[in-house]
Each structure stands twice: as C-alpha cells, then as structure tokens.
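J.: Take a look and give me a structure for this.
(one chain, ligands or ions: 1)
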Amino acid sequence: MRKLFIAGNWKMNKTMASAKEFANVLKSNMMHDEVELAVIAPYTQLEILVSALYNRPVMVGAQNVFQETSGAYTGEISIEMLKEIDVDCCVIGHSERRQYFNETDEIVNKKLKLLLENDIRPIMCVGENLEVRKAGNAISHVKSQLEKGLMDINSDDVMNTTIAYEPIWAIGTGETASPEQAEEICSEIRNFLSEKYGEMVAEEVIIQYGGSVKPENAEEILRKPNIDGALIGGASLDVDMFMDIYDKAYFTKKH
Ligand code: 13P
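T.: Numbers count the residues shown, from 1 in each chain. You can find the predicted model right below:
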C-alpha cells in the first residue's frame, strides 16, 4: 500500500532564520506515520533544516542538483555536496527549471540516475503548459517526458522515484486542475508505468499532484485513487496551511 506523500516546495523563498522558525513550529505538530512529509528548501537553508528536524519523521529536500559530479560549473551544486548535508530527497525537472534554465528531459534523466545511485529520493516533475492542454496533447506530452526522463531506469529504481504531475497552467495561478483532470493524468502516468514496468511495480510508485494545492482543495484532490500526495508551492510557505494540508491528507479516505 502506497503512503501519501506531502512535500512543500519553497522555491526561492525564506531565509535561514525563517526556515528554522518554520521547523520549530513543525516539530510541535503531531505526525502521522501513514503520511510522509518533506520540506524542499533553497540550498542555504538545508543544513539548518536537517539539524532542526533531526530525529523527526520529516524529510528535507533540495530543489535541484547538477548533472555532472564536479568541475567547472560555476554556481551549481553537486550530488556529493547534497549528500554531505544529508538531504533525503531532491526535486528534478520542475517546470520552472525547464522554462528558465533549459532543463531538458535528457538532463532530468542524468539527474535522476545520479540521485538514485546516491540514495537520495528523486521527485521528478512532469506536466504540460496551457497551449499543449488546449491542443488536447496533455497525455502524450507527459508520457513523452516520462519516456525520456525514465530512460534506462529499472523497476527497483522507479519504485524509489516519486513522480509529481504539475500542470504548468495551474502553478502559482490560483487555478487548480479539477480533481478529475488531475486524476486523469495521474492514472495515465500509472498506466504508462504499468506498461513499462508491470502492474505490481506501477502500484508502488508514489504520484503527486502539484499546482495551487491549498487547504480548501486538498481533500478532494487527495481522495482520487491515483493521486498519492501533493507538491505544494505557495501554501507550503505558511506552516499552519502546510500542516493543515498534511492533516487533511491523513484524514482522506485512504486512512
Ligand atoms: P503552487 O502550489 O504555488 O501552485 O506551486 C506548485 C509547485 O510548483 C510546486 O512545485
């Protein structure tokens, strides 16, 4: 049985001081064994979060990693650097990185392999923009991202990979995909995995939805059978809202 997985992607927000404050409030909340929780923070806040959340069932994640292991790549962060901080997970292929930093599916695939080899859990983002959706190509677009992103990844590794479906038109816009729209693509993602790796493997993979998830809409989204959690941007910056979504995840029909 898949666990629910709620992750907050802070993007380029907060400071070391406010991250520590957030972690302290988070620690005082009740944790549910059945729901995994992660905070995905900017690099400078990772070490503070890892130490503040030490011995707590909260994962700390990075928002990116560079695809080469070392060398003349000014401004980048390597897998070894992330390992040294002891992060648990890492987002790759976020649409903002694809859009502003030309992250291609081939690069995402390289990053995925590095993370898996180094036991850092990858959260691989996929999702279409409005133009692609309007043209009726959302499913084929997402499948193509999966095909290339998961190139040469075996069954064991894919089971340790979280897939986040984040339609670009629903990110930061206040416009959420309807639970039905989100479920449709997430179930297509599972079908894709089933065809590639077999049903048993596909049933193990956690698939998150992301895009304007808030306390008000979280329950109906998380109740869908193929949606196993959420990747939350804006609403994850506020610890009360974030924990509200986490608690709501626990109380959905899956538990
Ligand atoms: P919002 O929740 O702000 O729409 O962001 C979603 C997202 O991009 C998470 O990675």
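J.: Determine how far the helix or strand encompassing residue 243 lies from the middle of the whole chain.
T.: Applying DSSP states H and E as the criterion places residue 243 in helix 239-251. Distance, stretch centre to chain centre, for helix 239-251: 16 Å (Cα atoms, centre = their mean, to the nearest Å).
J.: Show me which residues of it are buried.
T.: Going by neighbour count (16 or more other Cβ atoms under 10 Å), the buried part of helix 239-251 is 239, 241, 242, 243, 244, 245, 246, 247, 248, 249, 250. Placement of C-beta: from N, CA and C, glycine included.
J.: now stretch 47-57
T.: For stretch 47-57, a neighbour-count test (16+ other Cβ under 10 Å) marks 47, 48, 49, 50, 52, 53 as buried.
J.: quick revisit: determine which two of the buried residues of helix 239-251 are furthest apart.
T.: Based on Cβ to Cβ, the longest span within the buried residues of helix 239-251 runs between 239 and 250 and measures 16.5 Å.
J.: Assign residue 109 to helix, strand or coil.
T.: At residue 109, secondary structure determined by DSSP: H, G, I helix; E, B strand; the rest coil is helix.
J.: any idea how far residue 35 is from it?
T.: 29 Å (Cβ to Cβ, to the nearest Å).
J.: Please apply the same query to residue 177.
T.: 21 Å.
J.: Look at those two and report which has more neighbours.
T.: Shown here are residue 177 and residue 35; by other Cβ atoms under 10 Å, residue 177 has more neighbours (26 against 22).
J.: For the more buried one, list the residues it contacts.
T.: 167, 170, 185, 209, 211 (Cβ atoms under 8 Å, 6 or more residues apart in numbering).
J.: ok, 7 Å please
T.: 167, 170, 211 (Cβ atoms under 7 Å, 6 or more residues apart in numbering).
J.: from these, which is closest to the ligand?
T.: residue 211 (5.0 Å; Cβ to the nearest ligand atom).
J.: That closest one reaches residue 166, doesn't it?
T.: Yes - counting by Cβ atoms under 7 Å, residue 211 touches residue 166, with 5.3 Å between them.
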